[in-house]
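Novice: build me a model:
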Amino acid sequence: MTSGPRKLDTRLTHAGRDRKLTGGGVNPQIQRASTVLVESAEQLYAPGAWTYGRHGTATHEALKQALCELEDASWCAVVSSGLLACTVPILALAEPGAHFLVTDNAYGPTRRFFDRMLKRMGCEAEYFDPYIGAEVAAKFRTGATKAIFLESPGSMTFEISDAPAIAAVARAAGVKTILDNTWAAGVYHRPLDLGIDISVQSTSKYIGGGADLLGGYILTRDEALGARMKDTIADLGLSVPADDAYTVLRGLRSLTTRLQRHGASGLDVARWLETRPEVLRVLHPALEDDPNHALWKRDFTGASGLFGVVLKPAPTKAVHAFLDALELFGLGFSYGGFESLAIHCDPQLKRTVSRPKLGGPLLRFSIGLEDSDDLKADLARGFAALASA
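Specialist: Predicted coordinates for the structure are as follows:
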């Protein structure tokens, strides 16, 4: 009797556990190395030989094998931050005169990279409305447009792009596509299945899960593209400490279980916030009345715990009073850890072609692993402070 295809939970539990990587332990060895000794002089220059710690150790290999399981990729690179996961593919494709198309809802530091460093390299970034769909093809410049960068949903305004439509027109034109998949943690959204060339994610968020590490991954099924990015990583001298790789892998083992709790509590809190008189709108694509819900239901299999809330018009002083009154929600920019977080987004909304008409102050909540009733009580405390201010 043969078993059927194994579920993701099972694959993530067992991936990267070859005895050559673990030495017999349940987890891989934390192999810290700069110098690597080889068995013969011929091996010093053998193609593909592991000859220096910067290129990875057994610890990194175990992590890459497990991450490939996450999105059924054939090639993986791990880097030391989510931002590097976004920028390495761009650097691999960049050349003087290159043109890149970038979603207008991109993560702030990613946008800054396009506006600052890429411009200095003689490249141009052109922003587009995240809802553009297949019409993005009208912006292609023959021979110059190298890639389209997507973030879906956007990490502050939560628009979902029509990734399959964009991927189809890009592939027909020979334009590469990159999608930041951090919101769905690689579990609830599979860009490579939808035709996207490169899926990237910050492992600092849901995969790490403990708010105690920095990292990122790059996944593709295009071996030639992977080789090009590998060369870029080598040329830049990028590396990830073995201890960090180990910690990412440890978080990956429990990712699907934690993400279920984040998603369920996030929806519970989001639905409660919809009932509050102080709230103008909740930005959560899994809510049935959200304008992104149809695309979310088609292309996603679940939701994480990150969403936005637009308050009814209120002065900044009152918004700050709301945030300062919270006891369980920390005030911090990341997300995906076990703790709940909240930020005021208005000061960092950088849009040029599709600034959303929100109608009031924008807050973002990352729902952690606390009891959702306790979180709602904490938010009620914040609303009382908002009213008093």
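
Novice: quick one: low-confidence ranges for this protein?
Specialist: 1-4 (pLDDT under 70).

Novice: tell me which residue is most central in it.
Specialist: Closest residue to the average C-alpha location of the chain: residue 182 at 1.9 Å, with C-alpha atoms, centre = their mean.

Novice: what secondary structure does it sit in?
Specialist: Of the three states, residue 182 takes coil under DSSP: H, G, I helix; E, B strand; the rest coil.

Novice: right, and it touches residue 81 too?
Specialist: No: if you go by C-beta atoms under 8 Å, residue 182 and residue 81 don't touch, sitting 11.8 Å apart. Backbone N, C-alpha and C define where each C-beta goes, glycine included.

Novice: what do those two both touch?
Specialist: Common contacts of residue 182 and residue 81 (C-beta atoms under 8 Å, 6 or more residues apart in numbering): residue 202.

Novice: check for me that residue 282 belongs to a helix.
Specialist: No: per three-state DSSP, residue 282 lies outside any helix segment and is strand.

Novice: A helix includes residue 304, no?
Specialist: No: per three-state DSSP, residue 304 lies outside any helix segment and is coil.

Novice: tally of neighbours for it?
Specialist: Other residues near residue 304 come to 26 when the count uses other C-beta atoms under 10 Å.

Novice: so who does it touch?
Specialist: Counting by C-beta under 8 Å, 6+ apart, the residues that residue 304 touches are 183, 184, 185, 188, 206, 259, 262, 263, 266, 336.

Novice: inside helices: which ones of those?
Specialist: 259, 262, 263, 266 (DSSP state H).

Novice: would TSV of those residues with distance to residue 26 be doable?
Specialist: Shown next, in TSV, are these (distance: C-beta to C-beta, whole Å):
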residue	distance to residue 26
259	22
262	25
263	28
266	31
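
Novice: would you turn those into TSV with distance to residue 200 and neighbour count?
Specialist: Shown next, in TSV, are the ones in helices among the contacts of residue 304 (distance: C-beta to C-beta, whole Å; neighbours: other C-beta atoms under 10 Å):
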residue	distance to residue 200	neighbour count
259	18	23
262	20	26
263	21	21
266	22	24
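
Novice: wait, residue 159 touches residue 293, no?
Specialist: No: in this structure, residue 159 is not within contact of residue 293 by C-beta under 8 Å, at 11.9 Å.

Novice: ok, now which ones touch residue 322?
Specialist: Contacts of residue 322 (C-beta under 8 Å, 6+ apart): 311, 363, 382, 383, 385, 386, 389.

Novice: in a strand, the second one, correct?
Specialist: Yes: inclusion of residue 363 in a strand is indicated when three-state DSSP is applied.

Novice: partners of it in the sheet?
Specialist: When assigned by DSSP bridges, residue 363 has beta-bridge partners residue 309, residue 344.

Novice: can we start the residue count at 18 from this point?
Specialist: All right, first residue 18 from here; so that's residue 380.

Novice: isn't it right up against residue 336?
Specialist: Yes: using C-beta under 8 Å, residue 380 is in contact with residue 336, at 7.4 Å.

Novice: settle it for me: which of the two has more neighbours?
Specialist: A direct count of neighbours by other C-beta under 10 Å for residue 380 and residue 336 places residue 380 higher, at 24 against 20.

Novice: OK, contacts around that one?
Specialist: So residue 380 contacts 325, 326, 327, 328, 336, 339, 340, 359, 360, 361, 362 (C-beta under 8 Å, 6+ apart).

Novice: which single one of the contacts of residue 339 is nearest to residue 59?
Specialist: residue 380 (60.9 Å; C-beta to C-beta).

Novice: against residue 40, how distant is that closest one?
Specialist: Distance from residue 380 to residue 40, counting by C-beta to C-beta, to the nearest Å: 48 Å.

Novice: same check, this time on residue 391
Specialist: 43 Å.

Novice: over to residue 149?
Specialist: 51 Å.

Novice: between these two, who's got more neighbours?
Specialist: A count of neighbours by other C-beta under 10 Å puts residue 149 above the other of residue 149 and residue 40, at 21 against 11.

Novice: now do the same contact list for that one.
Specialist: Per C-beta under 8 Å, 6+ apart, neighbours of residue 149: 178, 183.

Novice: if anything else comes up later, I'll come back, but that's it for now.
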